[in-house]
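Chemist: Whatever this is, show me its structure:
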Amino acid sequence: MTAVLLSWGIALILETTAGLHTDSLVLAVALTLTLSSTQRTADTRRRLTALALLPVAAGLAQLLGRLIATHYAAGAAVFTAVLAFAIWIRRYGPVATKAGTLLTLPLVALLVVPGPALPPEAGDRLLNWAWSALIGAVACAGVWLVQGVADRWGPWPGAAEPAAPSRPSRLHPRPSTRMALQMAAGVAAAFALGRLCYDHHWPWMVLTAYVAASGNRGRTDVLRKGVERCLGAAAGTLLATGVAAAGIDGHASVAVMFGVLAVALWLRPLNYAYWAAGMTTALSLLLGYFGQDAQSLLLTRLAAIGIGAAVSVAAAWWLLPVPRRRTTPALRPAT
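Modeler: Reported below is the predicted structural model:
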């Protein structure tokens, strides 16, 4: 959260001096949140790679967001293809896996930035690809600085990542191909159903489909994550309703949102449902900040989350399901 607040503060300065809109702040927070966990134990080479790739990916993601806004079907197809490609390239080893992760971070942030929720007068002040790239660099620098200081002087240095197994998979098609096809099927269905059923609130369904299918370890894993996200969203709905009933709005709601995110990050290792609850609450507060009646949209959000989880579970169970591994953990094949 220290890195998040640092990136948010820098983005706030950019917003004020360059006449941008609040979507710049949301992008900075979303990128920093997602980048922090992937860079916690990264060495200098990996951090430099992130600093080179993430700004480019953020700029391209912003262009993709404009494409989705103007040509929904074409933009959805490109978005789905990029997500699937980022998973498929895992077959080429750890470096390709890390590059794929960096490629997906701005796409996930694109689902969080509430484009349809922004007021019409935002107009030309919305982010373009150049500002998005700059904010991507700010997120990288903020994460690098804070984690570097924490590792040098903090009481909790990051633990080294375990070595990935090098034994190639004997499955055909490979697990990476299976997961890529399942992700593509689930996200494509979420794009179609989200626009058909919920108009411009389609990101809720697509984000859930992505979360449930990411890191797919099999049918049970996808089902578990889908259920946890639904339960967490339900809890977040109740919490957001209580916050709204208390009359918290404006800058106070922003402070509460950061507090909720901090608690959700702390509890996330225990169960993903805590993170889902925190994100649902934070997004509801964000909608309220932009002037939308978040309470009236909570049931819609829950329904979209439920359908998004269902389409990912269906894809994982019926489209080239990953068979249950019978090897010991030490001999599990690499994806």
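Chemist: The helix or strand Ala133 falls within - what's its average pLDDT?
Modeler: Using DSSP states H and E, Ala133 maps to helix 129-153. For helix 129-153, the mean pLDDT works out to 88.
Chemist: try stretch 193-203
Modeler: On average, stretch 193-203 scores 88.
Chemist: Enumerate every residue touching Ala314.
Modeler: Contact analysis of Ala314 by C-beta atoms under 8 Å, 6 or more residues apart in numbering lists 186, 189. In short, each C-beta sits where N, CA and C put it, glycine included.
Chemist: Mind listing what's buried along the helix or strand hosting it?
Modeler: Taking DSSP H and E as the criterion, Ala314 maps to helix 294-318. Of the residues in helix 294-318, 294-295, 297-298, 301-302, 304-316 count as buried by neighbour count, 16 or more other C-beta atoms under 10 Å.
Chemist: what packs against the helix holding Ala133?
Modeler: helix 2-18, helix 23-39, helix 44-70 (3 or more C-beta pairs under 8 Å, 6 or more residues apart in numbering; DSSP states H and E).
Chemist: residues of it that come out buried?
Modeler: Within helix 129-153, judged by 16+ other C-beta under 10 Å, the buried ones are 129, 131-144, 146-147, 150.
Chemist: mind checking pLDDT for the residue nearest to Val138 when sequence neighbours are not counted?
Modeler: The spatial neighbour of Val138 that comes closest, neighbours along the chain excluded (C-beta to C-beta, 6 or more residues apart in numbering), is Ile10 at 5.1 Å. Note on Ile10: pLDDT of 93.
Chemist: Surely Ile10 and Gly142 touch.
Modeler: Yes: counting by C-beta atoms under 8 Å, Ile10 touches Gly142, with 7.0 Å between them.
Chemist: ok, Val82 touching Leu105?
Modeler: No: counting by C-beta under 8 Å, Val82 does not reach Leu105; the two are 11.8 Å apart.
Chemist: Looking at these two, which one has more neighbours?
Modeler: Leu105 (25 against 18; other C-beta atoms under 10 Å).
Chemist: could you measure that one against Trp88, distance?
Modeler: 17 Å (C-beta to C-beta, to the nearest Å).
Chemist: And for Leu107?
Modeler: Leu107 is 15 Å from Trp88, by C-beta to C-beta.
Chemist: do Thr104 as well
Modeler: Distance, Thr104 to Trp88, by C-beta to C-beta: 12 Å.
Chemist: now swap in Tyr72 and tell me
Modeler: Distance of Tyr72 to Trp88, computed by C-beta to C-beta: 24 Å.
Chemist: what about the two, which has more around it?
Modeler: A count of neighbours by other C-beta under 10 Å puts Trp88 above the other of Tyr72 and Trp88, at 20 against 15.
Chemist: now that one, nearest residue through space, not along the chain?
Modeler: That would be Ala180: by C-beta to C-beta, 6+ apart, it lies 4.0 Å from Trp88.
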